[in-house]
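S.K.: take a look and give me a structure for this.
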Amino acid sequence: MDKREVVIIGAGPAGLGAALELQKNNIKDILILDMHSVPGGLARTVNYKGNLFDIGPHRFYTKNRDVNEVWHQTLKDKFKAVNRLTRIYYKNKFFNYPLKPFNALKNLGIIESSQAIFDYFISRIRINNQRTNSFEDWVSRQFGKKLYRTFFKTYTEKVWGIDCKDISADWAAQRIKGLNLYKAVLDSLNPLKNKKKTKTLIEEFDYPVYGAGMMYEKMAENIIRQGGEILYNSEVKKINIKDNKIESIIVNTEKEELLVSAKMYFSSMPLTKTIQSITPAPEESILNASKKLFFRDHVTVNLLIDSNELFPDHWIYVHSPEVKMGRLANYNNFSLEMTKNKKNTALSIEYFVFQNDDTWNMTDKNLIDLAREELHYMKLVDRSLVIDGFVIRETDSYPVYFVGYKKYYNILHDYITNVSNLQCIGRGGMYKYNNQDHSIYTGILAAKNYCGANYNIWNVNVDAEYHEDATRYY
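M.R.: Numbering: from 1, shown residues only. Purely as a prediction, here's the structure:
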């Protein structure tokens, strides 16, 4: 048996953040386990023939002092400010994102824009006093039915794979909190008066020179230099619990099966898988709840383009129902160091899927062909300019907030928080749609708890603006 003081499951933002905080407190006997071959989790960067591709676009923005300090101390002058440009592609036109009312209404044309304004006021009258249970209810209330159908419905259903009526309003309240058509118009008309930007309106972010994964590769390097150990290509298969305490875990590595024990465990593996890995198995109601919650999976088709003069956006949200892609990113616009040949462009095209979908099960060649043809159809990239490509499939990427999920989530939360030497952290571990700054912060706070603090890490990102105001949780 391999005995440690601390075992951390997952070398993503949360796990690495926890390890660094532990080392700051002179805790050195740390083992980190990760199923990938490089650190970073969903924020890792893949090197393909000297070209760098993230697993979808990542922006580094936070007002949380602890997270900001970690980021800037880690990369120093290799962490650069980038002026953000993101747009929505719909009906062969580009709309500013976040939505700018005059741009949106102009592109829609006088008939559709008039309908949008009329729908907005009707929606406010009809829905204002109604309870908003679903994503559709919430967005219709804030923007009106016309703008909901145009700018939210198609893309959101691409991402989540279920009808917007079945997506919880929690998702909208968390991701676009404080933004509605009326406020957006005021922000456009009174930029000086409305100095406090809504969270979604951030127009600048920082980015590592060599991709998002550069941050986590450097963090991992620092952890190892201070005595920590990271085992890659390793997967936790079983969690042995007795009297509400983990006694040991069984880990499959490339070479062997390990039995590992520790005083404390931090886990960012999917909460559902954590529950299902426990032995003896929890009671049936808990297992059933773990089977009700589910994640959306993710495919990125990464293409090398024989041109460096494509669209200026960092990423584009694709709302057009005619194509399957949901989003695409141009990494040259994040950093010029992302491509080996500066005459080329590194693009990633994202497809949001479940593992039983046809798209997930397509061959890599067919996925590359699909992405190339969709780019050509959208008149963004001529098919003849695609010179190379590869595919990454990622499971358990996005916890799905379906209507009624809280019932099952609460069952798992109540059970797992009673395991005395386990703290769940990160997006998957807590079944929370956290950004990378939220995830790092949960790791930092969990580590502080082990060192004697008493933070409620489950409150991180309950209020989506917590990090805008650098709020701390106790």
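
S.K.: from here on, contacts and neighbour counts on C-alpha atoms
M.R.: Fine.

S.K.: can you get me a residue count around the spatially closest residue to E204 that is not a sequence neighbour?
M.R.: Among residues not flanking E204 along the chain, N83 sits closest, at 4.6 Å (C-alpha to C-alpha, 6 or more residues apart in numbering). By the criterion of other C-alpha atoms under 10 Å, N83 has 12 neighbours.

S.K.: hang on, N83 packs against E203?
M.R.: Yes - in this structure, N83 is within contact of E203 by C-alpha atoms under 8 Å, at 6.3 Å.

S.K.: who's in contact with the residue nearest to E204?
M.R.: Contact analysis of N83 by C-alpha atoms under 8 Å, 6 or more residues apart in numbering lists 203-205.

S.K.: which of those residues are buried, as a ChimeraX select command?
M.R.: Buried members of the contacts of N83, defined by 16 or more other C-alpha atoms under 10 Å, are picked up in ChimeraX with:
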select :205
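
S.K.: inside strands: which ones of the contacts of N83?
M.R.: Among the contacts of N83, the members falling in strands (DSSP state E) are 204-205.

S.K.: would you mark the buried spots in the top strand by length along the chain?
M.R.: Longest strand in the chain by number of residues (criterion: DSSP E): strand 386-399. Using 16+ other C-alpha under 10 Å as the test for burial, strand 386-399 gives 386, 389, 391, 393-394, 396-399.

S.K.: next one: stretch 51-68
M.R.: Residues of stretch 51-68 classed as buried: 51-62, 64, 67 (neighbour count, 16+ other C-alpha under 10 Å).

S.K.: farthest-apart pair in those residues, please.
M.R.: N51 and N64 (31.6 Å; C-alpha to C-alpha).

S.K.: tell me the domain boundaries of this protein?
M.R.: Here the domain parsing of the chain from automatic domain parsing is 2-46+62-83+208-293+402-468, 96-201, 295-399.

S.K.: what does the average pLDDT come to for the longest strand of the chain?
M.R.: Throughout strand 386-399, pLDDT has a mean value of 97.

S.K.: by contact count, what packs against the helix or strand that it is followed by?
M.R.: Reading on from strand 386-399 to the C-terminus, the next helix or strand found by DSSP states H and E is helix 405-416. Judged by 3 or more C-alpha pairs under 8 Å, 6 or more residues apart in numbering; DSSP states H and E, helix 405-416 is in contact with helix 284-292.

S.K.: put together CSV for the buried residues of strand 386-399, with distance to V139 on each row.
M.R.: Compiled in CSV, the buried residues of strand 386-399 are given as follows (distance: C-alpha to C-alpha, whole Å):
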residue, distance to V139
V386, 38
G389, 37
V391, 33
R393, 30
E394, 29
D396, 26
S397, 24
Y398, 20
P399, 20
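
S.K.: quick check, nearest of those to E283?
M.R.: Within the buried residues of strand 386-399, proximity to E283 (C-alpha to C-alpha) peaks at P399, which comes in at 22.9 Å.

S.K.: check what pLDDT the residue nearest to that closest one when sequence neighbours are not counted gets.
M.R.: Sequence neighbours aside, F295 is the residue nearest to P399 in space, at 4.4 Å (criterion: C-alpha to C-alpha, 6+ apart). At F295, the model reports a pLDDT of 98.

S.K.: look up how far A371 lies from F295.
M.R.: Applying C-alpha to C-alpha, to the nearest Å, the value for F295 to A371 is 23 Å.

S.K.: same question for A173.
M.R.: Distance, A173 to A371, using C-alpha to C-alpha: 32 Å.

S.K.: if we can go back for a sec, include pLDDT when you put the contacts of N83 into JSON lines, please.
M.R.: JSON lines is the format used below for the contacts of N83 (pLDDT from 0 to 100):
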{"residue": "E203", "pLDDT": "78"}
{"residue": "E204", "pLDDT": "87"}
{"residue": "F205", "pLDDT": "92"}
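
S.K.: in stretch 320-338, which residues are buried?
M.R.: 320, 324-338.

S.K.: ok, which pair from the residues you listed is furthest apart?
M.R.: Farthest apart among the buried residues of stretch 320-338 - using C-alpha to C-alpha - are S320 and E337, which lie 30.9 Å from each other.

S.K.: now the stretch 351-474 of the chain, which segments are flagged as low pLDDT?
M.R.: Within the stretch 351-474 of the chain, the stretches with pLDDT under 70 are 462-474.

S.K.: in it, which spans are strands?
M.R.: Ranges of strands in the stretch 351-474 of the chain, per DSSP state E, counting those that start in this stretch, are 386-399, 422-424.

S.K.: so which of those strands gets nearest D163?
M.R.: Using C-alpha to C-alpha, the strands of the stretch 351-474 of the chain put strand 386-399 closest to D163, at 15.5 Å.

S.K.: quick one: contacts of the closest one?
M.R.: With C-alpha under 8 Å, 6+ apart as the criterion, strand 386-399 contacts 42, 55, 270, 293-306, 355, 360, 364, 367-368, 372, 427-428, 431-433.

S.K.: which SSE is the closest residue to R44 other than its chain neighbours in?
M.R.: Once flanking residues are discounted, R44 sits nearest to G213: 4.0 Å by C-alpha to C-alpha, 6+ apart. Element membership of G213 [criterion: DSSP H and E] is helix 212-225.

S.K.: now for M378, how many residues are close by?
M.R.: By the criterion of other C-alpha under 10 Å, M378 has 18 neighbours.

S.K.: my read is that it contacts K91, right?
M.R.: No - judged on C-alpha under 8 Å, M378 makes no contact with K91 at a distance of 9.3 Å.

S.K.: sorry, back to before: next step: the buried residues of stretch 320-338 restricted to strands.
M.R.: 327-330.

S.K.: that's a strand at T154, yeah?
M.R.: No - according to DSSP: H, G, I helix; E, B strand; the rest coil, T154 belongs to no strand; its state is helix.

S.K.: contact partners for it?
M.R.: 319-321.

S.K.: try it again with 10 Å
M.R.: If a contact means C-alpha atoms under 10 Å, 6 or more residues apart in numbering, then T154 has 148, 163-164, 318-321, 326 as its contacts.

S.K.: just the ones of those in helices?
M.R.: With DSSP state H as the criterion, helices contain Y148 from among the contacts of T154.

S.K.: re earlier: F295 and A371 - which one has more neighbours?
M.R.: A count of neighbours by other C-alpha under 10 Å puts A371 above the other of F295 and A371, at 26 against 19.
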